[in-house]
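A.B. asks: Everything below, folded, please.
(chains A and B)
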Amino acid sequence: MATITATLAVSSDITDYGIAINKSMTLTKAGTLNGLERTTGVQRVYLTDTKHIDLAKGGLANTNLADMTVTGATAAKVYIKYLEDDTSKFIRVGLGNEADGTTATANNGDGTHFEIGRLYGNEWMIIPWNGASNVGDITVQPSVATAADMAIVEYIVFFE
Amino acid sequence: MATTTAAITLTSADLLTDALSLSATNTLYKAGSTVGLDQTTGMARVHLTATTVVDIFPQLIEASIAFENKSSWVYICNKSEDETEFITVKICEQVIGKLYAGDFLWMPWSMRESANANNHHGDITVAPSVDTGMSIEFTCINEGTEYPTENLATT
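C.D. replies: Numbering: from 1, shown residues only, chains lettered A, B, ... in the order given. All right, here's what the predicted structure looks like:
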């Protein structure tokens, strides 16, 4: 059993009283104290156009990660970072399916993809991941990307 | 201009053959700029005693999608100490994932309106797994807050 620790520290002078978040969590399997024991390792993808891509595929079918069987009944955590110094550029992070690369869809009954949020240059996020086959792929779409100016995204998935 | 910084460290000494150590830090800016975010909901703590799905940021989205594509960052933490208890976190009715006891998330939030026929807004909701009482902390650091106008209805 592995022990994986994630520690978040947020500090701000946004109010006179400030905001301070200092929180650590141990990444465990669903409903247990046993640590997650599988990972994709740190992946880096280079995007040369502005199409949606599936960064990580959920469900049991068509996974792009060997042995990856993340479903709604299991636990997973996903860390994503947009490696870009220009803070006017962003990637859209969503739930869905990259479909034909031009449009992203989610198998949620109406075929629509949904944008969670945007990571601007140098921003990162960490979320739990449902990974169920009906909505669960994590997609990204860069606002700007060409062969000469690629969008670079790093991510790592911890799962069971 | 406020300065808000966020840092993450991911470590494991025994997940892989070699130790894993990953760190990242960034400053939170307004969308597409280098101007710091200047608004927040403040840190909230709630104690939920039903498994009902609840909208945790109603003040940011109700009756308005003016926030769309502005920069917002969300922190949610399940304060339960029972490892079997979790909250299901959704955005616009789609499950992002489950936060078990002690788990947190830190993510951007676009507040996009759904393309669903119901046009539901991009609400972030949580639902506890049990009705015996679960405490949750959450905050949003954002830009562009708009509040509902005064309601002068008599009923």
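
A.B. asks: same question for stretch B:146-155, mean pLDDT?
C.D. replies: What stretch B:146-155 shows for mean pLDDT is 73.

A.B. asks: Could you list the single helix or strand in chain A with the lowest mean pLDDT?
C.D. replies: None of the helices or strands of chain A scores lower by mean pLDDT, DSSP states H and E than strand A:53-56, at a mean of 84.

A.B. asks: and the helix or strand following it with chain B, contact?
C.D. replies: Counting by DSSP states H and E, the next helix or strand C-terminal to strand A:53-56 is strand A:76-83. Yes. Residues of strand A:76-83 contacting chain B under C-beta under 8 Å from any C-beta of the partner chain: A:76-77, A:79, A:81. C-beta: built from backbone N, CA, C; applies to glycine.

A.B. asks: ok, the residue nearest to residue A:129 when sequence neighbours are not counted - contacts?
C.D. replies: Spatial nearest neighbour of residue A:129, excluding adjacent residues (C-beta to C-beta, 6 or more residues apart in numbering or on different chains): residue A:76 at 4.2 Å. Each residue near residue A:76 by C-beta atoms under 8 Å, 6 or more residues apart in numbering or on different chains is listed here: A:36, A:70, A:128-129, A:131, A:157-160, B:97.

A.B. asks: Show me where chain A has its strands.
C.D. replies: With DSSP state E as the criterion, chain A has strands at A:4-12, A:19-26, A:38-39, A:43-47, A:53-56, A:76-83, A:90-96, A:114-120, A:124-128, A:137-142, A:151-159.

A.B. asks: Show me what the fifth one is packed against.
C.D. replies: Right, strand A:53-56. strand A:43-47, strand A:137-142, strand A:151-159 (3 or more C-beta pairs under 8 Å, 6 or more residues apart in numbering or on different chains; DSSP states H and E).

A.B. asks: just those strands: most buried one?
C.D. replies: Stretch with highest mean neighbour count among these: strand A:137-142 (a mean of 25; mean count of other C-beta atoms under 10 Å in any protein chain shown).

A.B. asks: rank the strands of chain A by pLDDT, which is bottom?
C.D. replies: Looking at those, the weakest mean confidence is strand A:53-56, a mean of 84.
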